[in-house]
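Visitor: Compute the structure for the input listed below.
(one chain, ligands or ions: 1)
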Amino acid sequence: MKLIIINGPNLNLLGTREPEVYGDTSFKVFFARLRNSFPGHDLEYFQSNIEGELVEKIQETGFSYDGIILNAAAYTHTSVAISDAIAAVKTPVIEVHISNIYKREEFRHKSIISANCIGMISGLGLEGYLLALTYFIHQESHG
Ligand code: DQA
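Guide: Okay, here's the model as predicted:
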């Protein structure tokens with residue numbers, strides 16, 4: 001399967017950014033582990049702090065990839081453009097958040113992208129990415 005993880009703003013700082021909320025593992029290290037766990041699959045990673053670049057990556061991958069795992073980070077709560085991009089493409093998108101957004105400040109309780117995603121995982125740490133990947137891979141073998 002061809003799958004991509006797309007991370008939004010500030011997630012390039014994972015490992016050093018608020019470790020009490022996001023943990024102390026860098027995404028680079030975690031991604032290398034993920035790749036090793038799913039050797040038969042084509043797994044890519046993209047991160048950007050720029051809204052338009054996230055929209056472009058969703059458009060670019062959204063007609064040929066089998067699944068997109070998206071942590072839009074702060075844009076989750078603000079970006080109509082990202083929400084529209086998810087609605088515009090054919091590839092199913094799973095929304096992932098490392099922290100439980102409902103346990104945090106009220107402005108994080110609203111995701112404007114969820115309605116266009118097939119599902120959402122929030123609060124399970126980096127394991128959320130692994131669970132989303134597992135879901136796509138199971139769909140392939142059972143669907
Ligand atoms: C986040 C939650 C967002 O509210 C926040 O802006 C992030 C990360 C998470 O993974 O828990 O940057 O998406």
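Visitor: Kindly confirm my reading that L124 is in a strand.
Guide: No - using DSSP: H, G, I helix; E, B strand; the rest coil, the secondary structure at L124 is coil, not a strand.
Visitor: do you know how far the closest residue to it other than its chain neighbours is from F30?
Guide: Ranked by CB to CB, 6 or more residues apart in numbering and with sequence neighbours excluded, the top spatial neighbour of L124 is L131, at 6.7 Å. Using the backbone N, CA and C atoms, a C-beta is placed for each residue, glycine as well. The gap separating L131 from F30 is 13 Å, by CB to CB, to the nearest Å.
Visitor: Assess the claim that the residue nearest to L124 and G125 are in contact.
Guide: No - using CB atoms under 8 Å, L131 makes no contact with G125, being 10.3 Å away.
Visitor: Have a look at these two and say which one is more surrounded.
Guide: The residue with more neighbours, out of L131 and G125, is G125; 16 against 13, by other CB atoms under 10 Å.
Visitor: what's near enough to touch that one?
Guide: G23, I98 (CB atoms under 8 Å, 6 or more residues apart in numbering).
Visitor: The protein against the ligand: which residues are in contact?
Guide: By the rule CB under 6 Å from any ligand atom, the part of the chain lying against the ligand is N10, N71, A73, A74, T76, H97, I98, S99, I101, R108.
Visitor: Let's verify the closest residue to the fifth one other than its chain neighbours: helix, strand, or coil?
Guide: Spatial nearest neighbour of T76, chain neighbours left out: S111 (4.9 Å); criterion: CB to CB, 6+ apart. Taking three-state DSSP as the rule, one finds S111 in the coil state.
Visitor: Contact partners for S111?
Guide: S111 neighbours (CB under 8 Å, 6+ apart): T76, H77, E95, I101, M120.
Visitor: can you pull out the helices in this protein?
Guide: Here the chain has its helices, by DSSP state H, at 19-22, 27-37, 51-61, 80-88, 127-142.
Visitor: quick revisit: can you read off the backbone torsions of the residue nearest to T76?
Guide: phi -110, psi 120 (degrees, to the nearest 10).
Visitor: Run through the bridge partners of I5.
Guide: Y45, I69 (DSSP bridges).
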